[in-house]
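# take a look and give me a structure for this.
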Amino acid sequence: MFYLPAILIGRATRSLIRMVRPGGGSALPGLILSKLAPGLLAKSLSSFPRGLVVVTGSAGKSTTTKMLVAIVRAHGKEVFTNPSTANISQGFYSAILERANLFGRIDGEVAILEMDEGHAAEITARVSPTQSTILNVLEDQLDRFVDPALVREKLALVAGRTKGPILLNADDQNTILIGSEIGSELAKQVSWFGIANDLIDGTRHGLGAAPTYKTQLPRPRIDAEILTIEGTSATANLDGNVAEFNLPNRGLHYALDSIAALTSASRYLANDFDLALAASVLDELPPVFARGEIAEVGGEEIEFILVQNPMSFQLNLDNLTTNPEQIMVAIGRDVHDPSWLWTVDLSSLTHINIVSGYNYAEIALRMAYADIPIGEVEPNLETAIEKFLALPQPNHGMKTVIFSADAMRRTRRILGFTDPEAVDR
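Residues are numbered from 1 along each chain as shown. As a prediction, this is how the structure comes out:
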């Protein structure tokens, strides 16, 4: 009964918001619940009989978590997760409002959650993970984290609090450093995943890990590895067994997410894990919304590409192999320090049709400096979307929208895409 009033207030708030904004109401109700019942999160996440599985790191959390959840569910397990990618504390409180009963209890065997790299350290101080997967450390949100070393320190805390398997990226010096400093007992719990060196060496920017400015550590003995990538087709070796499957989109970063998910599922499911079944799940899995999502708008297919930090922008541009004829770029309020836009190599872009978003001037200036022709700068995002959709159908490729997280959320709301699970391949 202790949490009942708080849950009722949170649900009432959510209902009121959704009356005004369909698909909204995921942030404020969670914030209210966190203030009224701060102990509810730890109580709920501690209630799953098969524990809490955490996926964290600078990039790839949403895709890896979606893959992992789908694989575990295909093996017959009941999973609680956060499909809206609300990966900070108030987002988890919102997820509890969605799924818990009036006493804060959620049905399911296990919670598999992507967690923001900052909030993961805070949450795991209250609830120890049964398993954790740490993907990478990139140059990201320096206005928030100041230095990638701070992110590494927070992720090391998550690893140190993990009671069972710890999954680490063998191709990131930051995660290798975490593994080297984890202690001999915890080191026995570590499994390493990665991508064959020749695949990384064959790309312009690799995986984009942040430098540690320390002596280079050797690559650990690998447990699981991506062997080949051809377009969106990949081959992986997992504990000596080989599987082929399709990636949700182009790029080395999606391959890393897939091998992280496969290794994580293997360690979580142990003897119940079926690699062939897992590969078939990946074959059919669509991308997380806005991460290479292709949606039909007005009878026309449009690709949506989310960029969240310098390397995210870079890797997505490097893999923009479809040569789109029509491109819109929108950079929103979430880019608090637009200076990072100047660190991205934009040479693969030959033109932009429309520039918009709260930081339209900053991205337009950056593109002008790179001599990239811009068709139109439209500060109003809704007007920009209307103009972009009104362009004639392209002769080749498909209309492509590249946006930051804030512009992505606003764009999806304008277009009426309110369900994060309603994504086709």
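# give me the average confidence score over the host helix or strand of V151.
Assigned by DSSP states H and E, V151 belongs to helix 148-160. For helix 148-160, mean pLDDT is 94.
# how distant is that helix from the center of its chain?
Chain-centre distance of helix 148-160: 18 Å, with C-alpha atoms, centre = their mean, to the nearest Å.
# for the chain, where's the lowest mean pLDDT among helices and strands?
Among the helical and strand segments of the chain, the one scoring lowest on mean pLDDT, DSSP states H and E is helix 142-145, with a mean of 66.
# now do the helix holding V151: everything it contacts.
54, 56-58, 115, 117-118, 120-121, 124-125, 129, 132, 134, 137-140, 145, 166, 168, 174-175, 177-179, 181-183, 186, 210-212 (C-beta atoms under 8 Å, 6 or more residues apart in numbering). For every residue, glycine as well, the C-beta is placed using N, CA and C.
# the helix or strand that that helix is followed by pairs with which strands, parallel or anti?
Counting by DSSP H and E, the next helix or strand C-terminal to helix 148-160 is strand 166-169. Using DSSP bridges, strand 166-169 pairs in its sheet with strand 131-134 (parallel), strand 190-195 (parallel).
# let's see strand 166-169 as PDB, backbone CA atoms only.
The C-alpha coordinates for strand 166-169 follow below in PDB (Å, rounded to 0.1, in the frame of the first residue of the first chain):
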ATOM      1  CA  ILE A 166      30.600  -9.200 -17.300                       C
ATOM      2  CA  LEU A 167      30.700  -8.600 -21.100                       C
ATOM      3  CA  LEU A 168      33.400  -6.200 -22.400                       C
ATOM      4  CA  ASN A 169      34.400  -4.900 -25.800                       C
END
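# quick check: mean pLDDT of that strand?
So the average pLDDT for strand 166-169 ends up being 98.
# contact partners of that strand?
57, 131-136, 159, 175-176, 178-179, 182, 186, 189-194, 220, 256, 260, 263-264, 267.
# what does stretch 66-78 give?
If you take C-beta under 8 Å, 6+ apart as the criterion, stretch 66-78 is touched by 50, 53, 55, 79, 81, 83, 107-110, 112, 133, 257-258, 261-262, 264-265, 268-269, 272-274, 277-278, 280-282, 285, 288.
# just stretch 246-257 next, same as before
So stretch 246-257 is contacted by 59-60, 63-64, 67, 135-136, 169, 171, 193-195, 199-200, 203, 206-207, 226, 229, 231-234, 258, 282-283, 285-288, 291-292, 312, 315-316, 318-319, 321, 425 (C-beta under 8 Å, 6+ apart).
# where does the prediction get shaky in the stretch 51-200 of the chain?
Counting by pLDDT under 70, the stretch 51-200 of the chain has low-confidence residues at 83-87, 141-145.
# just the helices from it, written as ranges.
61-74, 89-99, 117-124, 142-145, 148-160, 173-180, 184-187, 197-201 (DSSP state H, counting those that start in this stretch).
# what angle do the first one and helix 117-124 make?
Here the directions of helix 61-74 and helix 117-124 differ by 50 degrees (axes from the mean of the first three to the mean of the last three C-alpha atoms, to 10 degrees).
# what sits closest to Q216 if chain neighbours are left out?
Of all residues not flanking Q216 in the chain, Q173 sits nearest, at 6.7 Å (C-beta to C-beta, 6 or more residues apart in numbering).
# next one: N316
I305 (5.2 Å).
# confirm the one you found sits in a helix?
No: applying DSSP: H, G, I helix; E, B strand; the rest coil, one finds I305 to be strand, outside a helix.
# pLDDT at it, what is it?
91.
# what's the local residue count around it?
For I305, the neighbour count with other C-beta atoms under 10 Å is 24.
# does it really touch N319, like I thought?
No: I305 lies out of contact with N319 (C-beta atoms under 8 Å); the separation is 9.3 Å.
# pull the number of nearby residues for S62.
Neighbour number of S62 under other C-beta under 10 Å is 23.
# kindly report the same for S233.
Neighbours of S233 (other C-beta under 10 Å): 12.
# wait, it touches A243, no?
No: with contacts counted by C-beta under 8 Å, S233 stays clear of A243, the gap being 11.6 Å.
# next, give phi and psi for P310.
As for P310, its main-chain torsions (degrees, to the nearest 10) stand at phi -50, psi -50.
# can you pull the pLDDT of it?
For P310, the predicted pLDDT is 88.
# my guess is it contacts W342, does it?
No: under the criterion of C-beta under 8 Å, P310 makes no contact with W342, lying 9.2 Å away.
# more neighbours: those two, which one.
P310 (21 against 13).
# how close does the more buried one get to A330?
Here the criterion is C-beta to C-beta, to the nearest Å. By it, P310 lies 17 Å from A330.
# check R161 too.
38 Å.
# more neighbours: which of the two?
A330 (26 against 19).
# is the nearest residue to M398 once chain neighbours are set aside in a helix, a strand, or coil?
On the basis of C-beta to C-beta, 6+ apart, the spatially nearest residue to M398 that is not a chain neighbour turns out to be E301, at 4.9 Å. Under three-state DSSP, E301 falls in the strand class.
# ok, E301 - contacts?
294-295, 398-399.
# please apply the same query to E117.
Taking C-beta under 8 Å, 6+ apart, one finds 56-58, 137, 145, 151, 154-155 in contact with E117.
# cool, F80 as well?
Contacts of F80 (C-beta under 8 Å, 6+ apart): 48, 95, 99, 106-108, 110-112.
# what is the neighbour count of the nearest residue to it once chain neighbours are set aside?
Once flanking residues are discounted, F80 sits nearest to G108: 4.0 Å by C-beta to C-beta, 6+ apart. Neighbourhood size, G108 [other C-beta under 10 Å]: 17.
# grab the most central residue of the protein for me.
Centroid-nearest residue in the chain: S62, 2.9 Å away (criterion: C-alpha atoms, centre = their mean).
# returning to what we had before: tell me which of the strands paired with strand 166-169 sits most buried.
strand 131-134 (a mean of 28; mean count of other C-beta atoms under 10 Å).
# which other residues reach it?
Contacts of strand 131-134 (C-beta under 8 Å, 6+ apart): 51, 53-57, 64, 68, 124, 155, 158-159, 162, 164-169, 175, 178, 260, 263-264, 267-268.
# can you pull out the low-pLDDT segments for the stretch 251-400 of the chain?
289-290.
# where along it do the helices fall?
252-269, 275-284, 310-318, 360-369, 381-390.
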